[in-house]
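Visitor: let's see this in three dimensions:
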Amino acid sequence: MAVAEDVLDKVRAGMRGLQAPGHFDKVYKNECMYSFDTPESPGGLYVNLKTWQGFGEDYVELDQRKTGSTLYLHLLWKRVPIPEDELAAAAAAAAAADAASKPTKLALGTEGGFAVEPQKDYTLDKTAALVVLQGAGQPRLRVDLPCADLPELVINVINAIQAHEDASKQEAVSAWEEERRVSRYAEGLPQLDSGRKISPNPADWRCDETGVTENLWLNLSTGHVGSGRQFADGSGGNGSALRHFEATGRKYPLVVKLGTITPSGADVYSYAPDEDDMVQDPKLAAHLAHWGINMMQLYRVFLLVKLGTITPSGADVYSYAPDEDDVVQDLKLAAHLAHWGINMMQMEKTAKTMAELEIDMNVAYEFSALTEAGAQLTQLAGPGHVGLVNLGNSCYMNSVLQDAAEYLTHLLQLISRSEHAAAARLGLGEQQALTPSVFGFQLEYRTQCLTSSAVSYRRAMAASLELHIPLEAATNKEAVAAYKEREAKRQRLKEEQASAYIGADSSLDATSDPAASVVLLPGDSGGGGAAAAASAAAAAVKSGAAESPVLPVVPFEACLNKFTAAEVLDDYASAALGGRKSTASRTSRFASFPPVLVLVLKRYYVAEDWTPKKLEVEVPMPEELHIEQLRSSGPQPAEQLQPEEAAAAAGGGAAAPAAAAAPEPDPAIVTQLVTMGFSENGSKRAAVATGNSNAEVAMEWVFAHMDDPDFNDPLPPPAAAAAAGVQQQHDPEKVSMLAAMGFEADAAEAALTATGGNVERAGDWLFSHMDDLAAAVAAVKGGAAAAAAGGGADAAAAGNRSQLLDGPGHYKLLGIVSHMGSNTACGHYVAHVKKDGRWVIFNDEKVAASEHPPLSMGYMYVYTRVDGPAQ
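Guide: Predicted structure coming up:
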């Protein structure tokens, strides 16, 4: 169909500046720059022909106004379901080829590797068009593609965009290599003439200072052999090589790692402060020769081949050379095997390869246990069974929109703010609970001074309960200990046999037949002797079947007992003793039970060396939970309360003066902000406005309020702020602005009082005190006694909808969030949810009926309260 001339005129008018994207340019054509719209969205995706950036229906006009571009490539994809008979035929074909489709190598998304995308039950009907945007309110001109009437430049740009890889895929496949610069100390490196020669046998290498045999580095100037630095996980060396560099006046910086030297190079490190990194040494061969090391002849590389894996196409070959120590390729394998009378072309495979064994371990370990990989799960779809595509690292969002308990708290705070601000629009009544109230509950801490026996009670709001896992309560300690002992024996045997195997090298000279470097496993008739026996034993260790890990099993009751157990406080300032330090005992109980209880098992922790670690442990969780017995009983008549609580309970004002005082800025936060260059007064205001939360939050507040006229003004004196109390009158307009955000007038007035009348800071103050707003308001207005009598957060419920939806402590398990990985910064998240009486697994976009939910391996557990038939 021909294009009208007036349309072509508008296309030509927008051609200026058009250029086809090159190979290294980035084209964003799969997702909107501002939202998650894609070509599959109802409105499709519009790609700017000048910037090559994509925009959804709601944002394309915004981009047009910002850039002035008028020409856009409109991509619209619609899913077309595949007929049932074709799907059934495809499933049958997949089942028939199941054995052939099993992974044969450790790779993702490649032929022979693990599949990363499920088979789709639809095809995409893709359409494209050139759209001319004429501005807001003007009709869009559309030219369906392909169209030969368009200018050649426009056609070339469109074709280039359609053929170009999306930027996200470019980034995913981009690879990088570490570039090592040439050390400036290599030229003219001083080398002392100590007469020392380094043995070519790795069994002879020892640290000169400590005697350790791992992670050894040779100083190229002095000949000192020292241990390297300690690794982040606590393994590695002890740092003696670096200490030697310091002890010798920091004059000899270059060290080479023993065990990495090959004819092609080695790992060289420079301790010089201006380098302090891996470097290249162009004269490494000469520097090593000074210490008797010939790079070309340092190692006799012994190779082993696994019998049973030999086929005409190859075999499993392992190298014990320290610079390899891995499965390798032998390009002359046929000749080497022929030396021992083995004809590769006549061999058949009878044993699993190392890759197959590793794949079996991967399939059988944690990933499969949590994702139920390999099980024939029934796929589910429809309302309540919608998965989310993993955007690369978003599986934590796909599980429950969280990657940790901290993110859950953050999410609930955002929801609370939004509901407060939009209460009128959402139709929320004064006493209607907000969404976070479904998760909110109170914990009560009872602290008893062991000297005076006086007791104090304190309550705190929480959205989840974190439970520590006491490993000492494991029920299978003997089995775990036996497994660890077996693992230690395997490792010890491996090291001993490897040492004996390497030591056997001395029996061969440099003129030995190259074919002799191949040593066969037990059963070979081509050789014998000590060397063959040693190599066979070492190979047996290497190729032995790995044992499934035996993890400690800790009962859930032990975690609850850890939570309720008495905690001893050594430096407790007891008011009953006039503030003197004493020993106290503190216990924790529930003051209320929420409708939805989130339990977080503390599997992740920070070790003493500040590295994140994970507790490898199983905690079998009950599907039905009865914890009403953990409800607190509050102060008892026979108990002696601490003086300030007794006065508050009696209606006295002992606690009122302290509560009435204006909040003081945290000196640590103020100091950090001042060191960043901000004024002291402004730093104090930031600390107070953010509730002394932390320096990062306070710094964000500073950036947002640096232009306030009173930013650098001193804070009002505490006494003056307290005396002002409720008598201070505020601008009604400011009060109305805060009330429009969903807060009561008295809370708005208190916030303005605490922040010197600044409405922006008052809003920050209100949101930073959401957990116990009524108590904070009472403190500002001098009503601490009323706040204490009302229980703080309980009083907040009446005025700000932060109600506690208390009920019986009887729950049933609703969902499980599981995490695979060594710490929360890496790995993968999945969720299991119980729907209509059956478990459903949500693994990114894959949703299926679950057969074996990981009840004992979860990270977070979501329980819903059992309220009877009316639930």
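Visitor: any idea how far residue 618 is from residue 836?
Guide: 28 Å (CB to CB, to the nearest Å). Yep, even glycine has a C-beta here, placed from its N, CA and C like the rest.
Visitor: which one of the two is surrounded by more residues?
Guide: The neighbour comparison of residue 618 against residue 836 (other CB atoms under 10 Å) goes to residue 618, with 16 against 6.
Visitor: angles on the backbone of the residue nearest to the more buried one when sequence neighbours are not counted, please.
Guide: Nearest non-adjacent residue to residue 618, counting by CB to CB, 6 or more residues apart in numbering: residue 856, 4.1 Å away. Taking degrees, to the nearest 10, you get phi -100, psi 0 for the backbone angles of residue 856.
Visitor: any idea how far residue 856 lies from residue 273?
Guide: 50 Å.
Visitor: those two - which one has more neighbours?
Guide: residue 856 (16 against 8).
Visitor: spatially, what comes nearest to residue 567 if we skip its sequence neighbours?
Guide: Leaving out its chain neighbours, residue 567 is closest to residue 586 (CB to CB, 6+ apart), at 4.8 Å.
Visitor: name the next helix or strand downstream of the helix or strand containing the one you found, please.
Guide: Using DSSP states H and E, residue 586 maps to strand 581-590. Proceeding N to C from strand 581-590, the next assigned helix or strand is strand 596-601, under DSSP H and E.
Visitor: now do that following strand: which elements does it pack against?
Guide: Using 3 or more CB pairs under 8 Å, 6 or more residues apart in numbering; DSSP states H and E, the elements in contact with strand 596-601 are helix 405-421, strand 465-467, strand 860-865.
Visitor: so which of those is the most packed in?
Guide: Mean neighbour count (mean count of other CB atoms under 10 Å) peaks for strand 860-865 among these, with a mean of 23.
Visitor: next, the angle from that strand to strand 596-601.
Guide: Taking axes from the mean of the first three to the mean of the last three CA atoms, to 10 degrees, one finds strand 860-865 and strand 596-601 inclined to each other by 150 degrees.
Visitor: list the strands paired with strand 860-865, with their directions.
Guide: strand 596-601 (antiparallel), strand 810-820 (antiparallel) (DSSP bridges).
Visitor: so which of those strands is nearest residue 567?
Guide: For residue 567, the closest of these is strand 596-601, at 18.8 Å, according to CB to CB.
Visitor: on that earlier part again, where does the residue nearest to residue 618 land on pLDDT?
Guide: On pLDDT, residue 856 comes in at 90.
Visitor: that one reaches residue 620, doesn't it?
Guide: Yes - under the criterion of CB atoms under 8 Å, residue 856 makes contact with residue 620 at 4.4 Å.
Visitor: which neighbours do the two have in common?
Guide: Residues touching both residue 856 and residue 620 (CB atoms under 8 Å, 6 or more residues apart in numbering): residue 553.
Visitor: who touches stretch 42-58?
Guide: 17-19, 21, 25-35, 37-39, 41, 60, 62-63, 67, 69, 71-77, 131, 154, 157-158, 161, 164.
Visitor: looking at the residues you listed, which are in helices?
Guide: Residues from these lying in helices, with DSSP state H as the criterion: 60, 62-63, 67, 154, 157-158, 161.
Visitor: whichever of the residues you listed end up buried, select them in ChimeraX.
Guide: The ChimeraX command for the buried members of these (criterion: 16 or more other CB atoms under 10 Å) is given here:
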select :60,63,154,157,158,161
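Visitor: nearest to residue 228, of the ones in helices among the contacts of stretch 42-58?
Guide: The closest of the ones in helices among the contacts of stretch 42-58, once distances to residue 228 are taken by CB to CB, is residue 161, at 50.3 Å.
Visitor: mind listing the strands for the stretch 151-300 of the chain?
Guide: 216-219, 225-227, 254-257, 268-270, 277-279 (DSSP state E, counting those that start in this stretch).
Visitor: of all these, which lies closest to residue 339?
Guide: strand 254-257 (33.5 Å).
Visitor: quick one: contacts of that closest one?
Guide: 183, 185-186, 189, 215-221, 226, 228, 241, 245, 266-271, 279, 281, 284, 287-288.
Visitor: parallel or antiparallel, which strands does it pair with?
Guide: Strand 254-257 is paired, per DSSP bridges, with strand 216-219 (antiparallel), strand 268-270 (antiparallel).
Visitor: quick one: average confidence on the first one?
Guide: So that's strand 216-219. 94.
Visitor: before we move on, what about stretch 157-166?
Guide: 90.
Visitor: what of stretch 821-830?
Guide: For stretch 821-830, the per-residue pLDDT averages 68.
Visitor: equivalent analysis for stretch 61-73, please.
Guide: Here stretch 61-73 scores 91 as its mean pLDDT.
Visitor: go on, stretch 340-352?
Guide: For stretch 340-352, mean pLDDT rounds to 72.
Visitor: ok, now stretch 265-283?
Guide: The pLDDT scores in stretch 265-283 average 91.
Visitor: buried ones in that stretch?
Guide: Quick answer for stretch 265-283 (16+ other CB under 10 Å): 265-272, 275, 279, 281.
Visitor: burial count for residue 330?
Guide: Neighbour tally, residue 330, other CB under 10 Å: 18.
Visitor: can you pull the contacts of the nearest residue to it once chain neighbours are set aside?
Guide: Closest residue to residue 330 apart from its sequence neighbours, by CB to CB, 6+ apart: residue 317 at 4.6 Å. Contacts for residue 317 (CB under 8 Å, 6+ apart) come out as 303-306, 327-330, 333.
Visitor: pLDDT-wise, what's the bottom of those?
Guide: Within the contacts of residue 317, lowest confidence goes to residue 303 (74).
Visitor: neighbours of it, how many?
Guide: For residue 303, using other CB under 10 Å, the count is 18.
Visitor: surely it and residue 319 touch.
Guide: Yes - using CB under 8 Å, residue 303 makes contact with residue 319 at a distance of 5.5 Å.
Visitor: need the overlap of contacts for the two.
Guide: By CB under 8 Å, 6+ apart, the residues touching both residue 303 and residue 319 are residue 328.
Visitor: got the contact list for residue 149?
Guide: Counted by CB under 8 Å, 6+ apart, residue 149 has contacts 2-3, 8.
Visitor: are any of the residues you listed buried, and which?
Guide: Of these, these count as buried by 16+ other CB under 10 Å: 3, 8.
Visitor: how deep is residue 308 tucked in, by neighbour count?
Guide: 18.
Visitor: and what of the one 10 residues further on?
Guide: By other CB under 10 Å, 20 other residues sit near residue 318.
Visitor: give me the pLDDT for it.
Guide: 79.
Visitor: quick one: it and residue 304 touch, right?
Guide: Yes - between residue 318 and residue 304 there is a contact under CB under 8 Å: 4.9 Å.
Visitor: now the element after whichever strand or helix holds residue 767, going C-ward?
Guide: In the assignment (DSSP H and E), residue 767 maps to helix 759-768. Once the chain leaves helix 759-768, the next helix or strand it forms, by DSSP H and E, is helix 773-781.
Visitor: roughly how far does the closest residue to residue 182 other than its chain neighbours sit from residue 266?
Guide: Nearest non-adjacent residue to residue 182, counting by CB to CB, 6+ apart: residue 280, 4.7 Å away. From residue 280 across to residue 266, the span is 10 Å (CB to CB).
Visitor: cool, residue 67 as well?
Guide: 53 Å.
Visitor: same question for residue 688.
Guide: 58 Å.
Visitor: count the residues that sit near residue 841.
Guide: Neighbour tally, residue 841, other CB under 10 Å: 26.
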